[in-house]
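A.B. asks: no FASTA, just this:
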Ligand SMILES: [Zn+2]
């Protein structure tokens, strides 16, 4: 290559990177929305006005990026609040009984839902998702539905599966309310969790009493985990594929539900202290209280980063 040609290549590269920066800043005319258009778009995710105003003020570029995106996950979703003993029985969740939705429960769950819908489409989530897909282990995908048996190599692969499933469900979700049974000793029995997503179906079982008495963002990463089950993703501990020994899947980034739960939990975007989700997983399993207080500094979870408490 001659000197002259080399110079030309460099000049072109510089021009490219400059225009790239301008686009990344969200200043492109083709993408900009007026504030009211932006709000209208964010409302489609189920965010309430307070959360829309908060995220537009505190993360304006990310809010605009989500608002201008054409195919957001969980957009225009219709939620039905249901209480069905038949559905509860079919769920096979242990030690639960029917509960009813009240206004407070509905509001709280709808608010968390909107935050989850924003976060799963947000630039920070997409970036983290794309960083460590190599950790996903195909053996844990056993039992997944349709294309969700495949390891996504990036966020777009994951989004395609989720959008397909959402389309099949006509953008509807049924939320079933339960509470824990009281045992013969008068104590509350354990059902093993306050949210359960039905595999490959747009239905989530929720304990709204527990959820609404907790800090607003506390259960949001779990709800996202459960939604990935409804997209068809499993976390099979598949001992057969591991010489008869169960594979550890809980809070390990080798499966999609825990992968997304960890990304959005405390420490999930803390690249300084945890250079990988594997490191964060070790930290969680060591039960070391270093992650506390959960919402301080670098360990602030993605929900609190975007929406505050
Ligand atoms: Zn799960």
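C.D. replies: Looks like it came in fine. Bear in mind the structure is a predicted one, so any value in this text is a computation, not a measurement.
A.B. asks: how close does residue 148 sit to residue 53?
C.D. replies: In this structure, residue 148 and residue 53 are separated by 35 Å, where distance is defined by C-beta to C-beta, to the nearest Å. (Glycine included, C-beta is placed from N, CA and C.)
A.B. asks: ditto for residue 130
C.D. replies: Applying C-beta to C-beta, the value for residue 130 to residue 53 is 29 Å.
A.B. asks: again with residue 149
C.D. replies: Residue 149 sits 41 Å away from residue 53, taking C-beta to C-beta as the criterion.
A.B. asks: What of residue 176?
C.D. replies: Looking at residue 176 against residue 53, where the rule is C-beta to C-beta, the gap reads 32 Å.
A.B. asks: Would you mind telling me which of these two has the busier surroundings?
C.D. replies: residue 176 (27 against 15; other C-beta atoms under 10 Å).
A.B. asks: Make sure I have this right: the more buried one is in a strand.
C.D. replies: Yes. Applying DSSP: H, G, I helix; E, B strand; the rest coil, one finds residue 176 inside a strand.
A.B. asks: residue contacts, it?
C.D. replies: Contact analysis of residue 176 by C-beta atoms under 8 Å, 6 or more residues apart in numbering lists 82, 83, 84, 87, 88, 91, 203, 204, 205, 206.
A.B. asks: out of those residues, which are buried?
C.D. replies: Neighbour counting by 16 or more other C-beta atoms under 10 Å classes 87, 88, 91, 203, 204, 205, 206 among the contacts of residue 176 as buried.
A.B. asks: What segments of this protein are helices?
C.D. replies: For the chain, the helices identified by DSSP state H occupy 3-24, 35-43, 49-58, 60-68, 85-91, 103-119, 123-131, 155-168, 208-213, 220-230, 256-264, 277-285, 302-307, in order along the chain.
A.B. asks: Generate JSON lines for the ones you listed, with distance to residue 189 and mean pLDDT as supplementary columns.
C.D. replies: Converted to JSON lines, the helices of the chain look like this (distance: least, C-beta to C-beta, whole Å; pLDDT from 0 to 100):
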{"stretch": "helix 3-24", "distance to residue 189": "51", "mean pLDDT": "34"}
{"stretch": "helix 35-43", "distance to residue 189": "39", "mean pLDDT": "98"}
{"stretch": "helix 49-58", "distance to residue 189": "34", "mean pLDDT": "98"}
{"stretch": "helix 60-68", "distance to residue 189": "40", "mean pLDDT": "97"}
{"stretch": "helix 85-91", "distance to residue 189": "14", "mean pLDDT": "94"}
{"stretch": "helix 103-119", "distance to residue 189": "20", "mean pLDDT": "97"}
{"stretch": "helix 123-131", "distance to residue 189": "35", "mean pLDDT": "98"}
{"stretch": "helix 155-168", "distance to residue 189": "32", "mean pLDDT": "97"}
{"stretch": "helix 208-213", "distance to residue 189": "13", "mean pLDDT": "94"}
{"stretch": "helix 220-230", "distance to residue 189": "19", "mean pLDDT": "97"}
{"stretch": "helix 256-264", "distance to residue 189": "24", "mean pLDDT": "97"}
{"stretch": "helix 277-285", "distance to residue 189": "26", "mean pLDDT": "92"}
{"stretch": "helix 302-307", "distance to residue 189": "29", "mean pLDDT": "97"}
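A.B. asks: Contacts only, for residue 252.
C.D. replies: With C-beta under 8 Å, 6+ apart, residue 252 has these contacts: 258, 281.
A.B. asks: which residue sits closest to residue 37, ignoring its sequence neighbours?
C.D. replies: residue 67 (7.6 Å; C-beta to C-beta, 6 or more residues apart in numbering).
A.B. asks: and the one you found, how many neighbours?
C.D. replies: Other residues within reach of residue 67, judged by other C-beta under 10 Å, total 27.
A.B. asks: OK, contacts around the residue most central in space within the chain?
C.D. replies: Centre of the chain computed as the mean C-alpha position; nearest residue by C-alpha atoms, centre = their mean is residue 224, 3.7 Å away. Contact analysis of residue 224 by C-beta under 8 Å, 6+ apart lists 116, 119, 120, 260, 261, 264.
A.B. asks: Let's see if you can find the most crowded of those residues.
C.D. replies: Scoring the contacts of residue 224 on neighbours with other C-beta under 10 Å, the highest-scoring entry is residue 264 at 30 neighbours.
A.B. asks: surely it meets residue 222?
C.D. replies: No. Contact status for residue 264 versus residue 222: not in contact, 9.5 Å apart, counting by C-beta atoms under 8 Å.
A.B. asks: residues of stretch 134-152 that come out buried?
C.D. replies: Buried positions in stretch 134-152, judged by neighbour count with 16+ other C-beta under 10 Å: 135, 136, 137, 139, 140, 141, 144, 145, 148, 151, 152.
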